[in-house]
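**Q** Task: produce atomic coordinates for the following.
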Amino acid sequence: MTNTGSVGAAPDSPNSLPANAIKHPKCGHWWTGLGRSHCPACCRTFSCDSAADRHRKGPFGAGRHCVDPATVGLVAVPKPWGDMWQNPGPNIVGVNNPWSHTAPQAAA
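**A** Have a look, this model is predicted:
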């Protein structure tokens, strides 16, 4: 699985990176925030380890693989470096989120 387009792509000049930017040497993508997680297999950036873990499927070891983050309920949030995938918050409309005020209620 690869990123397409310029999502998360490094700026043209290294001088244009923020002082606190973290850059992945394999893909050149960058992000800010020490709590972020960047997948070395698909080179997508996640808000935290739990979000990154949700997009990995299969047994640990050789069979482990990445899946499209949207298919496991993660949402993309635009950031200066590209999309950051995160667990949905309670106010994201249209996402099946049991904590959302807009989630369908179970029939009584």
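
**Q** Now do the contacts for residue 36.
**A** Residue 36 is in contact with 22, 45-48, 84, counting by CB atoms under 8 Å, 6 or more residues apart in numbering. C-beta coordinates here come from the backbone N, C-alpha and C atoms, glycine included.

**Q** same thing but at 10 Å, please
**A** Residues in contact with residue 36 (CB atoms under 10 Å, 6 or more residues apart in numbering) are 22, 45-49, 51-52, 79, 81, 84, 86.

**Q** from those residues, which ones fall inside helices?
**A** 49, 51-52 (DSSP state H).

**Q** Could you single out the nearest of the contacts of residue 36 to residue 28?
**A** residue 81 (10.8 Å; CB to CB).

**Q** hang on, the earlier thing: need the ones in helices among the contacts of residue 36 in a markdown table with distance to residue 73 and neighbour count, can you?
**A** Below are the ones in helices among the contacts of residue 36 laid out as a markdown table (distance: CB to CB, whole Å; neighbours: other CB atoms under 10 Å):
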| residue | distance to residue 73 | neighbour count |
| --- | --- | --- |
| 49 | 16 | 11 |
| 51 | 10 | 23 |
| 52 | 13 | 22 |
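
**Q** Now render those as TSV, adding pLDDT and distance to residue 34.
**A** Converted to TSV, these look like this (pLDDT from 0 to 100; distance: CB to CB, whole Å):
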residue	pLDDT	distance to residue 34
49	87	12
51	90	15
52	89	14
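
**Q** Buried residues in stretch 45-65, which are they?
**A** 45-47, 51-52, 54-55 (16 or more other CB atoms under 10 Å).

**Q** Walking through this protein, point out its strands one by one.
**A** 21-23, 30-32, 37-38, 45-46, 56-57, 65-66, 75-79, 82-86 (DSSP state E).

**Q** Work out the sheet partners of the last one and label each with its direction, please.
**A** The one in question is strand 82-86. strand 45-46 (parallel), strand 75-79 (antiparallel) (DSSP bridges).

**Q** To residue 61, which of those lies closest?
**A** strand 45-46 (21.1 Å).

**Q** where does this structure have low pLDDT?
**A** 1-15, 90-108 (pLDDT under 70).

**Q** Next, the distance between the ends of stretch 61-72.
**A** Terminal residues of stretch 61-72 lie 20 Å apart, using CA to CA, to the nearest Å.
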